[in-house]
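Student: Curious how this folds, go ahead:
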Amino acid sequence: MTERYGAYALAGNPAAPAGVLLRLLALNDRGITHRLSYRAVLPDEVAEAMLAHPDRWVRTLLAQSWTADPRLRARLLDGPASDALAVAMGPHPYRIQVPPLPDRAYERLLNHERGMVRYETVNAPSAPDHVLVPLAAHADPVFRLAACRRVWHLLSGDARSALLTDPDGDVRTAASLQVMDEDEERTEALVRTLMDDWRLGEVAERGRLGRALAERLVADEVLLARLALNPTLPADLAAGLADHGDPAVRLAVSARPELSEDERAAIDWRVGPEDRLDSLRWVWDARHDPETLRRCARSAHTWLRRSAAVCPGLPQDCVELLAGDADFAVRLLLAEGHPEAPAELLLDLYLHGEHRAVGMLTARPRFPAVGLARRFADAPDPRARALALRDPAVTAELVERLSRDRDEGVRRVAARDPRLPLPRLLELLADPGTAPAAAVNPALPPGEMAALLDREGVPG
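Tutor: Numbering: from 1, shown residues only. Prediction:
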């Protein structure tokens, strides 16, 4: 992290003018430039300066920015040839859909002389379907492989058949993985092919099992915890694993879809509060089936309820039920994943949850704002007092009062509030504890921004 804390903060100030941002860019400070590259709005002058910057790492930051205009990122292809790889890789943000590059950029990248550029292009998460679908018939097996993995559901029957009989073994395997849930013979072939491959677990859990193959896998104890989750594992073989010595196997058996609540209760399973479990595939596959989701939401089995909580099609009565669930993870998953998660649930988790993920809940659209000043301005908990500043009706007087709060965290939140009177904002800018927060405040006049850079020795 740069020692110029004010300069670093100004890089994230949404109201910082181009002149200030260009001074920051000229520092060639990696932390500051990284923050510049992720601004919601990058002035044209700054974008052009980054685009033509002599240092490749600056241009790479621009290529990796998910807030930068895709047309701007594509223009890096007109610069040094070495930038093509960064453009091809593109941004990889968590849970954010990045808009694709212009089609002309994909045409250039897919025909690039470097194989690594072509590989990264077809595997970039932002590559659009209409670019990937035609690759199913491409001469390059890397392209056909990407089509198998990314757009199988969009391919024609003829294209799928060709990929299933592709001359390249990796392509055939990737295609077979797409249809193994419907094809016993392909599942058996995949088991032979992938016996020492990490993808064997996927085959064990999802592949359609014939009786003979299922018996052999159980007898050989091949990935039993994954195998027990496979809905095509014969019920009698699954029942035989219900008292297995491995608790992960017992848990998997207890979560099978055909079991009744009494049958689940008869198995010695346990889910701890901190246990991380992937959503059950059979529940996700039924995400648009209200009755299946109701059965899962009302189950005594924690894994079923957690799996139902992440389904956006969960009926409203189940949303209300799971909002009061005794399992913290159920409530958190509901809050994170369901568009109708109750506002009071989000608020309660934020105020009382100890998991680090609760801090992200304030970004959810249904997180409350109206009335928070009345409820929390005088709360004993500083995190609650800080929430008062989210209220759109909060007065400048209250913002100033909270800017003098005994808790520095509350003062920092107030320092970022554009409703804070300017004289108090400048006082906070002079306080080392709150200066970085005050420098982000969009109400800070450009002249004060420039003066801050002067004080920190940033060349004009």
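
Student: What's the local residue count around the closest residue in space to Trp282 that isn't next to it in sequence?
Tutor: Once flanking residues are discounted, Trp282 sits nearest to Pro257: 4.7 Å by Cβ to Cβ, 6 or more residues apart in numbering. Where C-beta positions appear, they are placed from N, C-alpha and C, glycine not excepted. Using other Cβ atoms under 10 Å, Pro257 is surrounded by 16 other residues.

Student: List the contacts of the nearest residue to Gly337 once chain neighbours are set aside.
Tutor: The spatially closest residue to Gly337, leaving aside those adjacent along the chain, is Val310, at 4.3 Å (Cβ to Cβ, 6+ apart). Contacts for Val310 were tallied using Cβ atoms under 8 Å, 6 or more residues apart in numbering; they are Ser279, Trp284, Leu333, Leu334, Glu336, Gly337, His338.

Student: same thing but 10 Å
Tutor: Listed by Cβ atoms under 10 Å, 6 or more residues apart in numbering, the contact partners of Val310 are Ser279, Val283, Trp284, Arg287, Val330, Leu333, Leu334, Glu336, Gly337, His338.

Student: The helix or strand the second one falls within: what's the following helix or strand?
Tutor: The one in question is Val283. Element membership for Val283 (DSSP states H and E) is helix 281-285. In the C-terminal direction, the helix or strand that comes right after helix 281-285 (DSSP H and E) is helix 290-297.

Student: Next, the buried residues of that following helix.
Tutor: Thr292, Leu293, Arg294, Arg295, Cys296, Ala297 (16 or more other Cβ atoms under 10 Å).

Student: Give me the pLDDT value at Thr2.
Tutor: With respect to pLDDT, Thr2 has a value of 48.

Student: Where does Pro418 sit, in terms of helix or strand?
Tutor: Going by DSSP H and E, Pro418 is not part of any helix or strand.

Student: what about the nearest residue to Thr362 once chain neighbours are set aside, is that helix, strand or coil?
Tutor: Distance criterion Cβ to Cβ, 6+ apart; nearest residue to Thr362, sequence neighbours excluded, is Tyr350 at 6.5 Å. Using DSSP: H, G, I helix; E, B strand; the rest coil, the structure places Tyr350 in helix.

Student: Look up the closest residue to Ala9, ignoring the ones flanking it.
Tutor: Spatially, and ignoring its direct neighbours in sequence, Ala9 is nearest to Ala439 (3.5 Å; Cβ to Cβ, 6+ apart).

Student: if I look at the one you found, how far off is Asp181?
Tutor: The gap separating Ala439 from Asp181 is 54 Å, by Cβ to Cβ, to the nearest Å.

Student: now Leu101
Tutor: Distance of Leu101 to Asp181, given as Cβ to Cβ: 33 Å.

Student: and the two? which has more neighbours close in?
Tutor: Leu101 (25 against 18).

Student: my guess is the more buried one contacts Leu77, does it?
Tutor: Yes - using Cβ atoms under 10 Å, Leu101 makes contact with Leu77 at a distance of 9.0 Å.

Student: so what sits against both of these two?
Tutor: Both Leu101 and Leu77 are contacted by Val87, Ala88, Arg108, Leu109, under the criterion Cβ under 10 Å, 6+ apart.

Student: Just the buried residues of the helix or strand containing Tyr106, please?
Tutor: Assigned by DSSP H and E, Tyr106 falls within helix 103-110. Neighbour-count burial for helix 103-110 flags Ala105, Tyr106, Arg108, Leu109, Leu110 (criterion: 16+ other Cβ under 10 Å).

Student: that older thread, now do the same contact list for the residue nearest to Thr362.
Tutor: Tyr350 touches Ala335, Val358, Gly359, Met360, Leu361, Thr362, Arg364, Phe367, Pro368, Arg383, Ala384, Leu387, counting by Cβ under 10 Å, 6+ apart.

Student: Go again with 7 Å.
Tutor: Residues in contact with Tyr350 (Cβ atoms under 7 Å, 6 or more residues apart in numbering) are Val358, Leu361, Thr362.

Student: Give the PyMOL command for selecting the buried subset of these.
Tutor: Selecting the buried subset of the contacts of Tyr350 in PyMOL, with 16+ other Cβ under 10 Å as the burial test, is done by:
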select buried, resi 358+361
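
Student: Using PDB, list the CA coordinates for the helix or strand hosting Arg59.
Tutor: Element membership of Arg59 [criterion: DSSP H and E] is helix 56-63. The C-alpha trace of helix 56-63 is given here as PDB (Å, rounded to 0.1, in the frame of the first residue of the first chain):
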ATOM      1  CA  ARG A  56       2.800  -2.600 -19.700                       C
ATOM      2  CA  TRP A  57       1.600  -3.200 -16.200                       C
ATOM      3  CA  VAL A  58      -0.600  -0.100 -16.400                       C
ATOM      4  CA  ARG A  59      -2.100  -1.200 -19.700                       C
ATOM      5  CA  THR A  60      -2.700  -4.700 -18.100                       C
ATOM      6  CA  LEU A  61      -4.600  -3.100 -15.200                       C
ATOM      7  CA  LEU A  62      -6.900  -1.500 -17.800                       C
ATOM      8  CA  ALA A  63      -7.300  -4.800 -19.600                       C
END
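
Student: all helices of the stretch 151-300 of the chain, in order?
Tutor: Ranges of helices in the stretch 151-300 of the chain, per DSSP state H, counting those that start in this stretch, are 157-164, 169-179, 184-193, 200-206, 211-219, 224-227, 235-239, 247-254, 261-265, 281-285, 290-297.

Student: Return the angle between stretch directions for the following helix or strand past the last one and helix 247-254.
Tutor: Sequence order places helix 302-309 as the next helix or strand after helix 290-297, per DSSP H and E. Calculated by axes from the mean of the first three to the mean of the last three Cα atoms, to 10 degrees, helix 302-309 forms an angle of 60 degrees with helix 247-254.

Student: Buried ones in helix 302-309, by neighbour count?
Tutor: Within helix 302-309, the residues that count as buried by 16+ other Cβ under 10 Å are Thr302, Trp303, Leu304, Arg305, Arg306, Ser307, Ala308, Ala309.

Student: TSV please, covering these and showing pLDDT and distance to Leu200.
Tutor: TSV is the format used below for the buried residues of helix 302-309 (pLDDT from 0 to 100; distance: Cβ to Cβ, whole Å):
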residue	pLDDT	distance to Leu200
Thr302	98	27
Trp303	98	23
Leu304	98	26
Arg305	98	29
Arg306	98	26
Ser307	98	23
Ala308	98	28
Ala309	97	29
